[in-house]
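# no sequence on hand, only this structure:
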């Protein structure tokens, strides 16, 4: 053994003589990298939000400037700041809350009934070819008939009360739900179906464990479309005959020439639609975490 061989272990021992210090240094380095990645993600998110808001901010700026510059009559198109002040006042005195609550109760009831009826029916039609043969002509006939075109029929048959409004929401929501569910079932990857059958799964187990999870994303697309339709159709129905709700409020303020209040009601509809869609997107992400995994 040479002198170099004797000194080498000593040098190696000296290099690793302080493991706790090295551990602290490594922890600090990892934490620093994590902070850097978090800052980068925050910066990217802020940039995305900023780019997404440019068009909206430009629209609001034009809305504010056009009446003040004489490009639009401020009597019929008040500046956005006036509408915003009126909106905050209506929120403070509870008017907006009352009208939104009434409309959401009607839209929610119709939407829930449509979900309970249309999605199971869509699963049956999409999975069983014989059911599709019998029911497809009926669906094709009525899905091309606008819900608002049938509003007079609903009012004549069911009256001008709550029943007709909920019924027309059910009609408007059913077809987006039904068609998206049928599409989701029919577009399941055939390779998955064949693989499941080769593993010995029966028809019921195959449907529950393979077809239904694969169809969920498409079904949720229909759910979001139906939720939007429920609000828009209900607002139109409330404008025809109602004593409460956002549609009634907009018509009432128009007839009484309360123009800022009318625009505040319209802005409320937009905000409600955005909130409902955001809630459904969040629900979809929570229910489909397995896709990310």
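Done, it's in. Note that the structure is predicted; figures quoted are calculated from it, not measured.
# was I right about residue 127 contacting residue 207?
Yes: under the criterion of Cβ atoms under 8 Å, residue 127 makes contact with residue 207 at 6.3 Å. (Each C-beta comes from the backbone N, C-alpha and C, glycine too.)
# could you list the low-pLDDT ranges of the stretch 101-250 of the chain?
Low-confidence segments of the stretch 101-250 of the chain (pLDDT under 70): 201, 203.
# which parts of it are helices?
With DSSP state H, counting those that start in this stretch, the ranges of helices along the stretch 101-250 of the chain come out as 129-143, 151-158, 162-186, 190-198, 203-206, 212-240, 246-255.
# want to try a markdown table for those, with mean neighbour count and distance to residue 264 as columns?
Formatted as a markdown table, the helices of the stretch 101-250 of the chain follow (neighbours: other Cβ atoms under 10 Å; distance: least, Cβ to Cβ, whole Å):
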| stretch | mean neighbour count | distance to residue 264 |
| --- | --- | --- |
| helix 129-143 | 11 | 35 |
| helix 151-158 | 15 | 25 |
| helix 162-186 | 23 | 22 |
| helix 190-198 | 12 | 50 |
| helix 203-206 | 12 | 52 |
| helix 212-240 | 20 | 14 |
| helix 246-255 | 20 | 8 |
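# these: which one's closest to residue 70?
Nearest to residue 70 among the helices of the stretch 101-250 of the chain is helix 246-255 (23.7 Å), distances taken as Cβ to Cβ.
# any idea how far the closest one is from the middle of the chain?
Mean C-alpha position of helix 246-255 versus that of the full chain (Cα atoms, centre = their mean, to the nearest Å) differs by 26 Å.
# then stretch 73-81?
In terms of Cα atoms, centre = their mean, the centre of stretch 73-81 is found 31 Å from the chain centre.
# also stretch 64-82?
Here the centre of stretch 64-82 is set off from its chain's centre by 32 Å, with Cα atoms, centre = their mean.
# pull the residues that contact that stretch.
With Cβ atoms under 8 Å, 6 or more residues apart in numbering as the test, stretch 64-82 has contacts from 60, 63, 259-260, 263.
# check the residues you listed and tell me the two furthest apart.
Going by Cβ to Cβ, the pair spanning the contacts of stretch 64-82 furthest: 60 and 259, at 17.6 Å.
# between those two, point out the one with more neighbours.
When neighbours are counted by other Cβ atoms under 10 Å, residue 60 and residue 259 differ, and residue 259 comes out ahead with 18 against 14.
# list the contacts for the more buried one?
Applying Cβ under 8 Å, 6+ apart, we find residue 259 in contact with 75-76, 78, 253.
# do the same with residue 151
Residues in contact with residue 151, defined by Cβ under 8 Å, 6+ apart, are 164, 168, 236-237, 240.
# distance of it relative to residue 90?
27 Å (Cβ to Cβ, to the nearest Å).
# can you check residue 140 too?
Here the criterion is Cβ to Cβ. By it, residue 140 lies 44 Å from residue 90.
# again with residue 230
23 Å.
# burial count for the closest residue to residue 97 other than its chain neighbours?
Once flanking residues are discounted, residue 97 sits nearest to residue 91: 6.9 Å by Cβ to Cβ, 6 or more residues apart in numbering. Applying other Cβ under 10 Å, we find 14 other residues in the vicinity of residue 91.
# quickly find the element holding residue 91.
Element membership for residue 91, per DSSP states H and E: helix 80-92.
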